[in-house]
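Undergrad: quick check, what structure comes out for this input:
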Amino acid sequence: MIQSTSHSRSVEGDDLNCLVGSDALWSVDRAASPLIGTAIHNGHALRDEIASTIALDDAQRLREEDPFTEYTIRDVPNRIVFHRSRFEVDLNRDAPGAVYLLPEQCWGLDVWAMPLGDELVRRSLAIHAAYYAMLRQILEGIAAEFGQFVLLDIHSYNHRRAGPEGAPMPEAEAPQINIGTISMDRARWAHVVDPFIESLRSYTFAGRPIDVRENVAFQGRGEQTRFVHTNFPESGCAIAIEFKKFFMDEWTGEPDPEALGSMRRMITGSLPVLLGALRASA
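TA: Numbering: from 1, shown residues only. The predicted structure follows:
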């Protein structure tokens, strides 16, 4: 049995949750396109042996997960969504750090009610290995078919860590959208990344231009973008995208459907720009 919690709302009739079977690890939608969207921290489910060992409650876990990020990529032709919580296994860490064992690995949290046994850790790391084997196979197929591809690696980040009534992070340090590019050959992929950023900046929300900056709150050092650029250096452009949680209350988990709808439109609107950039360099 896999334990999960629903946080369902809707935008124009669409369920904000990705509805899947209780045992699902990930979902893949494969299309004839060089554009891929991923939401690898969207999941909240835990397998039983993890759920019985974890000390955190649902709200504490949800605060550090990236709920609703799957919703933003529903119009991307190829989609990969991970359904387990990052507290079971974090796909955006390398294998040695993919299971949080110490508070310093995970925002100072004491995650476990008891020490994790080696076999439990091994089973979590087997999921990590299986995910990257699957990702490699999919990306090899897309690269063979199209020559090059763009992977949009969607995440979100907290900006009110001082508490629900505390001051948020200064805006100078917390763009609404942070684009992480450190792991890529930035000069090689400038013809893709630059128009993508300008496309996002062309949108407004709540009467203000969207604040999009590069390598401010995060630099794109996660395992998935590193994996792409290491294994597909000539063909793969992986862009790490961190949405500040202006689209939800990070303390209650309550989403803002209007903000989520805007985020989805931004990603959808960027797709022709990305395709044009790839075709221009073909």
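Undergrad: and residue 24, how far is that from residue 277?
TA: Counting by CB to CB, to the nearest Å, the gap between residue 24 and residue 277 amounts to 33 Å. Yep, even glycine has a C-beta here, placed from its N, CA and C like the rest.
Undergrad: compare the two (neighbour count), which wins?
TA: residue 277 (21 against 17; other CB atoms under 10 Å).
Undergrad: contacting residues around the residue nearest to residue 171 when sequence neighbours are not counted?
TA: Closest residue to residue 171 in three dimensions, ignoring its sequence neighbours and counting by CB to CB, 6 or more residues apart in numbering: residue 211, at 7.2 Å. Residue 211 makes contact with 171, 175, 176, 177, according to CB atoms under 8 Å, 6 or more residues apart in numbering.
Undergrad: show the pLDDT at the first one.
TA: For residue 171, the model assigns a pLDDT of 93.
Undergrad: how many residues are close by it?
TA: One way to gauge burial is a neighbour count; for residue 171, by other CB under 10 Å, it gives 11.
Undergrad: out of the contacts of residue 211, who's nearest residue 32?
TA: Residue 32 lies nearest to residue 177 out of these, by CB to CB, at 28.1 Å.
Undergrad: helices along this protein, start to end?
TA: 48-51, 58-64, 69-72, 118-146, 190-201, 223-231, 257-280 (DSSP state H).
Undergrad: of the ones you listed, which is nearest residue 36?
TA: Going by CB to CB, the one of the helices of the chain nearest residue 36 is helix 118-146, 7.0 Å.
Undergrad: give me the buried positions along the closest one.
TA: Applying a neighbour-count criterion of 16 or more other CB atoms under 10 Å, one finds 120, 123-124, 127-128, 131-132, 135, 138-139, 142-143, 146 buried in helix 118-146.
Undergrad: is it possible to get TSV of these that adds pLDDT?
TA: Formatted as TSV, the buried residues of helix 118-146 follow (pLDDT from 0 to 100):
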residue	pLDDT
120	97
123	98
124	98
127	98
128	98
131	98
132	98
135	98
138	98
139	98
142	98
143	98
146	98
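Undergrad: mind putting those residues into TSV with distance to residue 193?
TA: Rendered in TSV, the data for the buried residues of helix 118-146 read as follows (distance: CB to CB, whole Å):
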residue	distance to residue 193
120	40
123	37
124	33
127	31
128	27
131	25
132	24
135	21
138	22
139	18
142	19
143	18
146	18
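Undergrad: distance of the residue with the largest distance to the centre of the chain from residue 224?
TA: The C-alpha centroid of the chain is most remote from residue 114, which lies 28.7 Å away (CA atoms, centre = their mean). Look at residue 114 and residue 224: by CB to CB, they are 30 Å apart.
Undergrad: swap in residue 174?
TA: Distance of residue 174 to residue 224, computed by CB to CB: 22 Å.
Undergrad: before we move on, what about residue 87?
TA: The separation that residue 87 has from residue 224, given CB to CB, amounts to 18 Å.
Undergrad: lowest-confidence entry in the contacts of residue 211?
TA: Per-residue confidence over those reaches its minimum at residue 171, where pLDDT is 93.
Undergrad: nearest to residue 184 among the buried residues of helix 118-146?
TA: Proximity of the buried residues of helix 118-146 to residue 184, judged by CB to CB, is greatest for residue 139, which lies at 14.6 Å.
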